[in-house]
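Colleague: sequence first, then the predicted structure, then my questions.
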Amino acid sequence: MSRSAVTDGVGTVPYGLTPQPAAGQGPHRQDPDAGLSAELVTVVAAARRRALRDGDRQIDTAHLLHTLLESDPEVRAVFDGGPRLARLLGYLVQRSIGYGLRWQSGVEDSGAVPVVTAPDAEGWSPVAAGALDGARARARRRGDAPARGVDLLAAMVAEPESRAVEVLARAGVDPHALLRRIDAACDL
């Protein structure tokens, strides 16, 4: 059953940018929050709000990365804090106030499948939807459910064509080294 709103501690937030597909359709099949920790559900809701506020056509991995960095201490810890984290947050803020305008006209797509010209029915870019599925799979492989923020970060970083990886590279963060730190922190 689809929900039309989610309460995330800040208030009720519209659930999705567009109407949700019927159960069994779309990249998340039933409930897009299924298999996610309560903290990650809150991150997803905040990323959705960020995309709406920024006027973006879709929720992409840069929205997810920005929200993870602002709200998840475990995610911030894999960055070893300090100037690199500050530079990354600064870059994401620039993106949200205008730098990302070039992204508004296109759909984030990895190129791994035929080009998608529109976000899915829930408002997710194909790469962001895949990253959420990847986070769930990662948590299952680890024997730990539900998925946490570091699972989502790892899934985004593992996709070389994601906007999150582009942001990380521009901020001077090596995605391969970051993935190794995540795996070490999660005993994978």
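Modeller: On my side now, so go ahead.

Colleague: grab the nearest non-local neighbour of residue 63.
Modeller: residue 47 (4.1 Å; Cβ to Cβ, 6 or more residues apart in numbering). Where you see a C-beta, it was placed from the backbone N, CA and C, and this is true even at glycine.

Colleague: how about the secondary structure of that neighbour?
Modeller: With DSSP: H, G, I helix; E, B strand; the rest coil as the basis, residue 47 sits in helix.

Colleague: roughly how far does it sit from residue 144?
Modeller: 22 Å (Cβ to Cβ, to the nearest Å).

Colleague: who's more crowded, these two?
Modeller: Per other Cβ atoms under 10 Å, whichever of residue 47 and residue 144 has more neighbours is residue 47, with 24 against 14.

Colleague: that one touches residue 64, doesn't it?
Modeller: Yes - with contact defined as Cβ atoms under 8 Å, residue 47 counts as touching residue 64 (4.8 Å).

Colleague: now do the helices in the protein.
Modeller: Taking DSSP state H as the test, the helices found in the chain are 38-54, 61-71, 73-77, 82-94, 101-104, 126-142, 149-157, 163-170, 175-185.

Colleague: any idea which of those is most buried?
Modeller: helix 149-157 (a mean of 27; mean count of other Cβ atoms under 10 Å).

Colleague: and it, what does it pack against?
Modeller: helix 38-54, helix 61-71, helix 73-77, helix 126-142, helix 163-170, helix 175-185 (3 or more Cβ pairs under 8 Å, 6 or more residues apart in numbering; DSSP states H and E).

Colleague: may I see the helices of the chain organised as JSON lines, with distance to residue 31 and mean pLDDT added?
Modeller: Output for the helices of the chain, formatted as JSON lines (distance: least, Cβ to Cβ, whole Å; pLDDT from 0 to 100):
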{"stretch": "helix 38-54", "distance to residue 31": "10", "mean pLDDT": "92"}
{"stretch": "helix 61-71", "distance to residue 31": "18", "mean pLDDT": "94"}
{"stretch": "helix 73-77", "distance to residue 31": "23", "mean pLDDT": "91"}
{"stretch": "helix 82-94", "distance to residue 31": "28", "mean pLDDT": "83"}
{"stretch": "helix 101-104", "distance to residue 31": "27", "mean pLDDT": "47"}
{"stretch": "helix 126-142", "distance to residue 31": "11", "mean pLDDT": "94"}
{"stretch": "helix 149-157", "distance to residue 31": "16", "mean pLDDT": "96"}
{"stretch": "helix 163-170", "distance to residue 31": "23", "mean pLDDT": "91"}
{"stretch": "helix 175-185", "distance to residue 31": "26", "mean pLDDT": "90"}
